[in-house]
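Colleague: Build me a model:
(one chain, ligands or ions: 1)
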Amino acid sequence: MVETDGPDVCACERCPALVESRSRIVNGVGPDDAALLFVGEAPGASEDEQGEPFVGRSGSVLDDALRDAGLARADVRITNCVRCRPPENRDPRVGELDNCAAFLDREIAHVDPDLIVTLGKVPGERLLDRSVAVTEESGSVVDARLGGESRRVLVCLHPAATLYDRSQREGFETAIETAADLVGAGGGDQSRLGDY
Ligand code: URA
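Modeller: The predicted structure follows:
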């Protein structure tokens, strides 16, 4: 296996089912010193095709919310718990999340973000290591121990949830605004992370 020292994964064959289902490995995108790191679940069909996280319909929802919060996609880093598209868009299995965990840990350590935003239940539960009621907890900021470091994590709905249920849109947008506000990136003048 050949891997770089940075956050990118060049070749990985740890998950036989995902090696079969993927067209390519989808690494994180965005500045490797970004204040905000968004973590999704796993690539879907569009991401697998284009090699970039959140470029399909969920990505449009995320881009719109970022823009409304005063951020550009290029300002933030976006990645996933699992870097290969699962077959038929099923949820990644625990073993697959485990196999990819070291890559996410390495990316978090490398980027060293001020705030991690988990998009949906899978990354929320993975990073917080507990069950997460994502609709109820969306917008809340919690401390997590990741790779031996204390990290601030903002729990957020998955953007796709707003496509299935339009009434979730406001909660999603508010959580993204909170994230921008907390790192002082969305028009506010100062990071408020010290308040939490
Ligand atoms: N959903 C995710 O969780 N990640 C993506 O990259 C796209 C859709």
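Colleague: which other helices and strands contact the longest strand along the chain?
Modeller: In the chain, with assignment by DSSP state E, the single longest strand is strand 149-156. Contact here means 3 or more Cβ pairs under 8 Å, 6 or more residues apart in numbering; DSSP states H and E; on that basis strand 149-156 packs against strand 115-119, helix 121-128, helix 134-137, strand 141-146, helix 169-182. Placement of C-beta: from N, CA and C, glycine included.
Colleague: switch to 10 Å and redo it
Modeller: Applying 3 or more Cβ pairs under 10 Å, 6 or more residues apart in numbering; DSSP states H and E, we find strand 149-156 packed against strand 36-40, helix 94-111, strand 115-119, helix 121-128, helix 134-137, strand 141-146, helix 169-182.
Colleague: Can you check which of those gets nearest to the ligand?
Modeller: Closest of the helices and strands packed on strand 149-156 to the ligand is strand 36-40, at 3.0 Å (criterion: Cβ to the nearest ligand atom).
Colleague: how about the residues of the chain near the ligand?
Modeller: Contact residues (Cβ under 6 Å from any ligand atom) of the chain with the ligand: 40, 41, 42, 43, 44, 47, 53, 54, 58, 80.
Colleague: Residue 63 against residue 52, yeah?
Modeller: No - the criterion here is Cβ atoms under 10 Å, and residue 63 misses it with residue 52 at 11.8 Å.
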